[in-house]
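Asks: Pasting a predicted model and its sequence here:
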Amino acid sequence: MKFDVLTLFPELFDAVLGESIIGRARQNNIIQINTVNIRDFSLNKHRKVDDYPYGGGGGMVMMAQPICDAYLSIAEKLSYKPRVVYLSPQGRVLNQEIVKELSTEEHLILLCGHYEGIDERVIEEIVDDEISIGDYVLTGGELPAMVLIDSVSRLIPGVLSSEESYSQESHYEGLLEYPQYTRPYEFSERKVPGVLMSGHHENINRWRRQQSLKRTYLKRPDMFERLSLNEADRKLLEEALKENEE
Ligand SMILES: CC(C)(C)c1cccc(C(=O)NCC2(NC(=O)c3cccc4nocc34)CCCC2)c1
């Protein structure tokens, strides 16, 4: 899997994506992450990449020419047209389903906006997908691009060790995590739930699933309503919620 990131701030990526799981995957060449500095394609002697918006109003807009030339510097070498994703507030909001869809691509070009946004003709000319990481105001598309790279890379075979990929499956089922505990057994007068100390794996799994169902129901009703529960799960949840009332 190859990511080419078109950005005004390439150095941001090395700091964040050079570490841990993603850093190891890059070293093992399982994924490649290449950044292209849009400013290198400015035709202006002051390396200007933004200009005043037509129609007036505050803020600046990223010009089309440097972005499209940065894109061409990659695309012209390829025999295929790589999928171009513009990280944008107008995009469809990223979720695990979209992450899975993106992870099937061999090569993604990620475009990061800045200032008030980019000239609309860039979107018409080269963008295939607009994706947002959520509804809040950000400074640029760089952090969203890193979020996308992190989430997609975790699905690429070989990126996660067997240990790490365990967590991937449990998360992916669309349920929230059950409560996690590790040593010591007692911390600030709080003990670990007895069932986890019993060594009774069937009861432990039952308790964990019950906790996940209860948490998802209580904390994320939007996520819960997308679940299709079987009879056993429904009973587990009922029992857990009854305990809550007592
Ligand atoms: C309604 C609401 C979503 C709050 C809204 C309305 C209007 C503008 C903005 C806003 O944040 N504009 C600034 C920029 N934002 C993003 O790039 C960006 C923001 C959020 C999620 C993202 N996922 O990818 C890229 C994202 C666009 C150009 C430079 C940064 C946000």
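Replies: Sure, I can see it. Bear in mind the structure is a predicted one, so any value in this text is a computation, not a measurement.
Asks: next structured bit after the longest helix along the chain?
Replies: Scanning the chain for the longest helix, with DSSP state H as the assignment, gives helix 201-219. Past helix 201-219, further along toward the C-terminus, the next helix or strand under DSSP states H and E is helix 221-224.
Asks: For the longest helix of the chain, name the packing helices and strands.
Replies: For helix 201-219, the helices and strands in contact under the criterion 3 or more Cβ pairs under 8 Å, 6 or more residues apart in numbering; DSSP states H and E are helix 194-197, helix 221-224, helix 231-245. Quick note: C-beta positions are derived from backbone N, CA and C, even for glycine.
Asks: Show me how this protein divides into domains.
Replies: The chain is divided into the following domains under the TED database: 2-161, 169-243.
Asks: so which of the helices and strands packed on helix 201-219 gets nearest residue 211?
Replies: For these, proximity to residue 211 was assessed by Cβ to Cβ; helix 231-245 is nearest, at 7.4 Å.
Asks: wouldn't residue 191 be in contact with residue 184 here?
Replies: No: in this structure, residue 191 sits apart from residue 184 without contact. The criterion is Cβ atoms under 8 Å, and the distance is 9.8 Å.
Asks: More neighbours: the two, which one.
Replies: Ranked by neighbour count (other Cβ atoms under 10 Å), residue 191 and residue 184 place residue 191 first, with 11 against 8.
Asks: Write down the beta-bridge partners of the more buried one, one by one.
Replies: When assigned by DSSP bridges, residue 191 has beta-bridge partners residue 186.
Asks: Whichever strand or helix holds residue 152: which residues count as buried?
Replies: In this assignment (DSSP H and E), residue 152 forms part of helix 142-153. By 16 or more other Cβ atoms under 10 Å, the buried positions in helix 142-153 come out as 142, 144-149, 151-153.
Asks: out of those, who's near the ligand?
Replies: With respect to the ligand, and counting by Cβ under 6 Å from any ligand atom, the subset of those in contact is residue 144.
Asks: Can you lay out the buried residues of helix 142-153 as JSON lines showing pLDDT and distance to residue 106?
Replies: Formatted as JSON lines, the buried residues of helix 142-153 follow (pLDDT from 0 to 100; distance: Cβ to Cβ, whole Å):
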{"residue": "142", "pLDDT": "98", "distance to residue 106": "23"}
{"residue": "144", "pLDDT": "98", "distance to residue 106": "21"}
{"residue": "145", "pLDDT": "98", "distance to residue 106": "18"}
{"residue": "146", "pLDDT": "97", "distance to residue 106": "20"}
{"residue": "147", "pLDDT": "97", "distance to residue 106": "21"}
{"residue": "148", "pLDDT": "98", "distance to residue 106": "16"}
{"residue": "149", "pLDDT": "97", "distance to residue 106": "15"}
{"residue": "151", "pLDDT": "96", "distance to residue 106": "17"}
{"residue": "152", "pLDDT": "97", "distance to residue 106": "12"}
{"residue": "153", "pLDDT": "96", "distance to residue 106": "14"}
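Asks: What is the nearest of the buried residues of helix 142-153 to residue 244?
Replies: Relative to residue 244, the closest of the buried residues of helix 142-153 is residue 151; by Cβ to Cβ it sits at 32.1 Å.
Asks: Any idea how many residues pack against the nearest residue to the closest one once chain neighbours are set aside?
Replies: What sits nearest to residue 151 in space, not counting adjacent residues and going by Cβ to Cβ, 6 or more residues apart in numbering, is residue 99, at 4.5 Å. With neighbours defined by other Cβ under 10 Å, the count for residue 99 comes to 19.
Asks: from what I can see residue 99 touches residue 149, true?
Replies: No: using Cβ under 8 Å, residue 99 and residue 149 do not qualify as a contacting pair, with a distance of 10.5 Å.
Asks: give me every residue that touches residue 217.
Replies: In this structure, residue 217 makes contact with 224, 237, 241, judged by Cβ atoms under 8 Å, 6 or more residues apart in numbering.
Asks: Cheers, nothing more for now.
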